[in-house]
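S.K.: coordinates only, sequence not included:
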Ligand SMILES: Nc1nc2c(ncn2[C@@H]2O[C@H](COP(=O)(O)OP(=O)(O)OP(=O)(O)O)[C@@H](O)[C@H]2O)c(=O)[nH]1
C-alpha cells in the first residue's frame, strides 16, 4: 500500500488517500465526531464506537441529541453554535464538566474511577469555499490525570486537617487555633462587635497523672476535648492551647453570655467522671474569660486578659469561672 505522500492527484490515488485517512481516524485513541449544522453525525470513529456501544453505521446520519438524550442539550448547542459563528476552536475541560459522554472508564490504572473523565475540543471545519458547515468534536480520555489530581487534592486536604489538629483531643492544635484567634481579634476589632475568649485548665492535673497514670491523664484530656466540641456553638472555635490548657473563641458573644456557657461547661466536667481501668475518676476545671476590648493591641493582650482571669480562678480555690476585671468568684 502506498504512503500518503507518494499518492498523486489521480482519482484512484484520491480514493487510496481517503481510505488511509479514514483508517488513521478510526484508530485514533481519542473520540472523533463530525457534526453538520443540524447536529447530524457524519463521522464516528472506533473510539466512540467502542465506548458507546453504538456502531459507526448506526451512528452515521443520526442526530446526536436523539442518540444521546442525556447530553446537556442547551449548553452543548450553544457551544457548537459559537464554533460555527466565531469560526474558532473552543474547549471544555473535565474540571468544568467531568464528562460529556457518560462512558465507563476502561483504563487499567484507574480502577477507582468508574466513569471516564473527558476534555473536549470543538474544531470548526472549513469547506473548499471557506464556509464552516461542520464541527469536529475531539473527545480525550483524561481519567488518569483527573483521578490523580483528585487523589492529590484529597491527600492535601487530609494533610491540611492533620497539620491543624491535635492528635490526642482532635481539637485544633495551638498553632492553628491561635491563627483563628488572630483573625477573630482583627475581625471583631474592625467591626466593633463583641467577642469573648475562654481559657480553661484542668485542676491538679499533675496529681491526677501521678495518681492514676499518664494514660488516664490522656483519657481525661480526650474527655474534656469531646465535651468542648459538644458544648460549643458551630461558630465557636475550640483548641488545645497547651498540655492541659484549652481555649475557646466565642464570636458575637458578650462576656455575660460567655460566662453562662463557661459555667455550664465547668459544671458538666465537674459532674462527668473519667472512666479508666474500671474506675470513675473525678475531674474539675478552672476557667478565665475576657471580653475583647477596644484598647487591646494584639491577640496576645486578649490571651493575657483571659489568662489573668484563669489565674484568679486557680488562686480562689479552682473549679470556678472568673471574668477579667471582676473579682474571683
Ligand atoms: N497525661 C498527660 N498529661 C499531660 C499532657 N500534657 C501535659 N500534661 C501534664 O499536665 C500537668 C500540668 O501540671 P501543672 O502545670 O503543675 O498544673 P496542675 O497540676 O494541673 O495544677 P493547677 O493547674 O495549678 O491546678 C503536668 O504534670 C504535665 O505533665 C498530656 O498530653 N497528657
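M.R.: Perfect, I can see it now. These numbers come from a predicted model, not from an experiment.
S.K.: And the strands in the stretch 1-150 of the chain?
M.R.: Here the stretch 1-150 of the chain has its strands, by DSSP state E, counting those that start in this stretch, at 31-36, 41-44, 90-92, 118-126, 132-141.
S.K.: Is it possible to get JSON lines of these that adds mean pLDDT?
M.R.: Shown next, in JSON lines, are the strands of the stretch 1-150 of the chain (pLDDT from 0 to 100):
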{"stretch": "strand 31-36", "mean pLDDT": "96"}
{"stretch": "strand 41-44", "mean pLDDT": "95"}
{"stretch": "strand 90-92", "mean pLDDT": "95"}
{"stretch": "strand 118-126", "mean pLDDT": "95"}
{"stretch": "strand 132-141", "mean pLDDT": "95"}
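S.K.: Now distance to the ligand and mean neighbour count too, for those, in a markdown table please.
M.R.: Just so you know, the C-beta spots here come from the backbone N, C-alpha and C atoms, and that holds for glycine as well. Converted to a markdown table, the strands of the stretch 1-150 of the chain look like this (distance: least, Cβ to the nearest ligand atom, whole Å; neighbours: other Cβ atoms under 10 Å):
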| stretch | distance to the ligand | mean neighbour count |
| --- | --- | --- |
| strand 31-36 | 58 | 20 |
| strand 41-44 | 65 | 20 |
| strand 90-92 | 52 | 15 |
| strand 118-126 | 50 | 19 |
| strand 132-141 | 50 | 20 |
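S.K.: Which one of the ones you listed lies nearest to residue 224?
M.R.: In terms of Cβ to Cβ, the element of those nearest to residue 224 is strand 118-126, at 50.6 Å.
S.K.: Can you name the residues in contact with the closest one?
M.R.: Contact with strand 118-126 is made by 31, 34, 79-80, 83-84, 86-94, 98-101, 103, 132-142, as judged by Cβ atoms under 8 Å, 6 or more residues apart in numbering.
S.K.: and what of stretch 296-311?
M.R.: So stretch 296-311 is contacted by 178, 181-182, 184-185, 189, 197-201, 247, 286-290, 292-293, 322-324, 326 (Cβ under 8 Å, 6+ apart).
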